[in-house]
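> sequence and predicted structure, then a few things I'm wondering about:
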Amino acid sequence: MNYAIETNGLSKSYGPVHAVNSVDLRVKPGEIYAFIGLNGAGKTTTIRALLGMIRPSAGSVKVLGQTVGPYGRGPWQRVGHLVESPAAYPELTVRENLEIARRLHGIVDKEASSRVIERMTLASYADRKAGTLSTGNFQRLGLARALLHEPELLILDEPANGLDPAGVVEIRELLVGLTCEKGVTVFMSSHILTEVDRLATRIGIIHQGRLIEELEATQLEEIRAQRLEVKACDLEAAQSALARAGFAAKIGEGRITLNEASAIEAPDKIAAILVQAGTPPTRLAVEQENLEDHFLRLTGEKL
Amino acid sequence: MKTFFAALWAEILKARRSKMLLGTAVGFMILPLAGGLFMLILKDPAQARELGIINAKAQITAMTADWPSFLGMMAMGIGGLGEILFAFITAWVFGREFSDRTVKEWLALPTPRAAVVSAKFVVITIWTLALTLLVFLVGLGIGSMIGIPGGSFVLAWNTFWTVMLTVLLINMLMPVAAFLASLGRGYLLPLAWTILALGLANLVSILGWGDWFPWGVPVLVSGMVKPNADHLGLHSYLMVLLTCVVGLAGTFMWWRSADQTR
């Protein structure tokens, strides 16, 4: 199969520090692949290796079927990118910054800059110096440069950074639109896990330089841990009643939590036990962990 | 070539929009203005003393107010100040990509990195040549306005080529500054090195070895350290050429191969 991104045993070490360790990535064309991890997990190092900005210590990188590097070689005509925080020449206007990118990409169409300015709703800032832009508009300028040449593959590091809630939604819709309508592949890292949850078709979790889990968005639904949460007027009496019935119930944050499958699959039985014990439940709900909970559990940041 | 011209267009736009262009022009203009002031004083030192422009111990009166002195002063100034000012320009052209964190925007592009580096060197050359021509022409204008004696076309022409040779040699040293700006990812390293190199150039020139030290050669050509200027020979120019080649190779290799983590 032809992958949009393919890495084999990708590793990058800085002295004794293994920033990225044997990462095998496979991103299919048309996917929105979210790459998530804690600070220093190796997300940006991986992205830089994908773009040929750093040389891997071991392994190989293929982007759109072409081997990346050495000496900056790659299919960059077909790739748009935003690495870490966006950068622009502060004394140049938004339009001039994009004009530089247009020429360096060899785009003949002189309207390309104007089109992307409109698309990223930067028209009212087009002739303003980049150094005077707000964080959100600076981010839009970075995204505009990534989209300027209508690439087949977008590699975006934290694309929603600095955007207001409306901007976050706008970028989400833009990326979904590009994927659905034009078949663009998106590889993005993000800290906003609720966004990833809504947007990604596949998720890769990197921790301490290793890709520890890769899953389809549909798979995530299946593997997310469930728990039964119970509220009652007398939590301790309720916990005792459940313990007598053989359930390991934990009290915390003003509620009882049961993790056993027998409890999650039969909340009516739990309700009956509590009613019979004289401590009827005031709330009984099966809760499912979200991506954030799953991520934190997986990376050991939350037990 | 198309990619090179795209990169060159970008570099020229950045230079045009920067405050550095005006700043370096103003900085370099000190030379003809200071030279003109000296000539004005030397034309009538007694009046200058009366007006309080110079005091009784001023050494300036050892010179004479004529075109050979004025143009000699200009050439020496371009040799000395040029080494620092041109290094500032080079440090800015290369170093700003790191301080503005824009370097990453140049790396994953259809435009080869070698074209980007070449465009930067071409802009530095155009910039420094334009500054030199401007300063030289302003100098001629100021000298004419003051009405100093002893001028001739041959003198001006010979000084012009001395200045051009000096500027060419200084430009050949700039790849080292570019390499240091890239290696140090900013302005500090090339500027620190240039100041150190200029100090060393003066020291080795006084010791009589300036003709072997690349940063001493332009200073000698400009006539700044006259007693040893006669020692200049092919070996001096080869040392500068070697420095140029090493600087170019280092800069190109660094941009092609070094890990870019900013």
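Good, I have the coordinates. Note that the structure is predicted; figures quoted are calculated from it, not measured. Residues are numbered from 1 along each chain as shown, chains lettered A, B, ... in the order given.
> helices or strands next to the helix or strand where residue A:296 lies in the packing?
If you go by DSSP states H and E, residue A:296 is part of helix A:291-298. Packing contacts for helix A:291-298, counted by 3 or more C-beta pairs under 8 Å, 6 or more residues apart in numbering or on different chains; DSSP states H and E, involve helix A:193-199, strand A:202-207, helix A:217-223. Every C-beta, even on glycine, is put in place using the N, C-alpha and C of the backbone.
> lowest-confidence stretch among these?
For the helices and strands packed on helix A:291-298, the weakest mean pLDDT is recorded on helix A:217-223, namely a mean of 73.
> by contact count, what packs against the helix or strand hosting residue B:193?
Using DSSP H and E, residue B:193 sits in helix B:188-207. With contacts defined as 3+ C-beta pairs under 8 Å, 6+ apart, helix B:188-207 has these neighbours: helix B:67-99, helix B:153-183, helix B:217-221.
> SS state for the residue of the stretch 151-300 of chain A found nearest chain B?
For the stretch 151-300 of chain A and chain B, the shortest gap (C-beta to the nearest C-beta) falls at residue A:155, measuring 8.5 Å. What DSSP: H, G, I helix; E, B strand; the rest coil gives for residue A:155 is strand.
> picking that back up, next, the buried residues of the helix holding residue A:296.
With burial defined by 16 or more other C-beta atoms under 10 Å in any protein chain shown, the residues of helix A:291-298 counted as buried are A:291, A:293, A:294, A:295, A:296.
> repeat for stretch B:238-250
Neighbour-count burial for stretch B:238-250 [16+ other C-beta under 10 Å]: B:239, B:240, B:243, B:244, B:247, B:248, B:250.
> with adjacent residues omitted, what lies nearest to residue B:169?
Closest residue in space to residue B:169, ignoring its immediate chain neighbours: residue B:218 at 4.2 Å, by C-beta to C-beta, 6 or more residues apart in numbering or on different chains.
> right, and that neighbour touches residue B:75 too?
No: contact criterion C-beta atoms under 8 Å: residue B:218 and residue B:75 do not qualify, at 10.5 Å.
> looking at those two, which one has more neighbours?
residue B:218 (27 against 24; other C-beta atoms under 10 Å in any protein chain shown).
> ok, now how distant is the more buried one from residue B:67?
Here residue B:218 is placed at a distance of 23 Å from residue B:67 (C-beta to C-beta, to the nearest Å).
> return only those of the buried residues of stretch B:238-250 found close to chain A.
Subset of the buried residues of stretch B:238-250 in contact with chain A: empty, counting by C-beta under 8 Å from any C-beta of the partner chain.
> just the closest of these to residue A:46, please.
residue B:250 (28.8 Å; C-beta to C-beta).
> now the angle from the helix or strand where that closest one lies to helix B:153-183?
Secondary-structure assignment from DSSP H and E places residue B:250 in helix B:234-257. Interaxial angle, helix B:234-257 versus helix B:153-183 (axes from the mean of the first three to the mean of the last three C-alpha atoms, to 10 degrees): 40 degrees.
> so what does helix B:234-257 touch, helix or strand wise?
helix B:113-146, helix B:153-183, helix B:217-221.
> and the helix or strand containing residue A:44, does that touch chain B?
Taking DSSP H and E as the criterion, residue A:44 maps to helix A:43-50. Yes: with C-beta under 8 Å from any C-beta as the criterion, chain B is reached by helix A:43-50 at residue A:48.
> which elements pack onto that helix?
If you count contacts as 3+ C-beta pairs under 8 Å, 6+ apart, helix A:43-50 packs onto strand A:5-14, strand A:17-23, strand A:32-37, strand A:58-63, strand A:153-157, strand A:185-189.
> do that again at 10 Å, thanks
Packing contacts for helix A:43-50, counted by 3 or more C-beta pairs under 10 Å, 6 or more residues apart in numbering or on different chains; DSSP states H and E, involve strand A:5-14, strand A:17-23, strand A:32-37, strand A:58-63, strand A:79-82, strand A:153-157, strand A:185-189, strand A:202-207.
> what residues sit buried inside the helix or strand of chain B with the lowest mean pLDDT?
Lowest by mean pLDDT, DSSP states H and E among the helices and strands of chain B is helix B:45-50, with a mean of 75. For helix B:45-50, burial by neighbour count (16+ other C-beta under 10 Å) applies to residue B:48.
> how distant is that helix from the center of its chain?
How far helix B:45-50 lies from its chain's middle: 34 Å, per C-alpha atoms, centre = their mean, to the nearest Å.
> and if you look at stretch B:90-106?
Relative to the mean C-alpha coordinate of its chain, stretch B:90-106 is positioned 21 Å out (C-alpha atoms, centre = their mean).
> quote the end-to-end distance of that stretch.
One end of stretch B:90-106 sits 18 Å from the other (C-alpha to C-alpha, to the nearest Å).
> what about it and chain A, any contact?
Yes: residues of stretch B:90-106 contacting chain A under C-beta under 10 Å from any C-beta of the partner chain: B:96, B:97, B:100, B:101, B:102, B:103, B:104, B:105, B:106.
> surely the last one and residue B:116 touch.
Yes: contact between residue B:106 and residue B:116 holds when scored by C-beta atoms under 10 Å: they sit 5.2 Å apart.
> who has more neighbours, these two?
Applying other C-beta under 10 Å to residue B:106 and residue B:116 shows that residue B:116 carries more neighbours, namely 24 against 21.
> near chain B, which residues of the stretch 101-250 of chain A?
So the stretch 101-250 of chain A meets chain B at A:101-107, A:129-131, A:142, A:145, A:149, A:155 (C-beta under 10 Å from any C-beta).
> so what's the residue nearest to residue A:67 when sequence neighbours are not counted up against?
Leaving aside its chain neighbours, residue A:67 sits nearest to residue A:60 (6.5 Å; criterion: C-beta to C-beta, 6+ apart). Contacts were defined as C-beta atoms under 10 Å, 6 or more residues apart in numbering or on different chains; by that measure residue A:60 touches A:6, A:7, A:8, A:9, A:10, A:49, A:67, A:68, A:69.
> check contacts around residue B:196.
Contacts of residue B:196 (C-beta under 10 Å, 6+ apart): residue B:215.
> any idea how far it lies from chain A?
Counting by C-beta to the nearest C-beta, to the nearest Å, the gap between residue B:196 and chain A amounts to 29 Å.
> kindly indicate which of the residues of the stretch 101-250 of chain A next to chain B lies nearest residue A:28.
Nearest to residue A:28, judged by C-beta to C-beta, of these is residue A:155 at 14.8 Å.
> my guess is that closest one contacts residue A:81, does it?
Yes: counting by C-beta under 10 Å, residue A:81 is a contact partner of residue A:155 at 4.5 Å.
> can I get the helices and strands packed on helix A:43-50 in JSON lines with distance to residue B:131?
Shown next, in JSON lines, are those (distance: least, C-beta to C-beta, whole Å):
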{"stretch": "strand A:5-14", "distance to residue B:131": "41"}
{"stretch": "strand A:17-23", "distance to residue B:131": "44"}
{"stretch": "strand A:32-37", "distance to residue B:131": "48"}
{"stretch": "strand A:58-63", "distance to residue B:131": "43"}
{"stretch": "strand A:79-82", "distance to residue B:131": "37"}
{"stretch": "strand A:153-157", "distance to residue B:131": "40"}
{"stretch": "strand A:185-189", "distance to residue B:131": "45"}
{"stretch": "strand A:202-207", "distance to residue B:131": "50"}
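> can you list the domains in chain A?
Following automatic domain parsing, chain A resolves into domains at A:5-221, A:224-298.
> need the nearest residue in space to the residue nearest to the spatial centre of chain B, chain neighbours excluded.
Nearest to the geometric centre of chain B sits residue B:82, at 2.4 Å (C-alpha atoms, centre = their mean). For residue B:82, ignoring the flanking residues on the chain, the nearest one in space by C-beta to C-beta, 6+ apart is residue B:170 at 5.0 Å.
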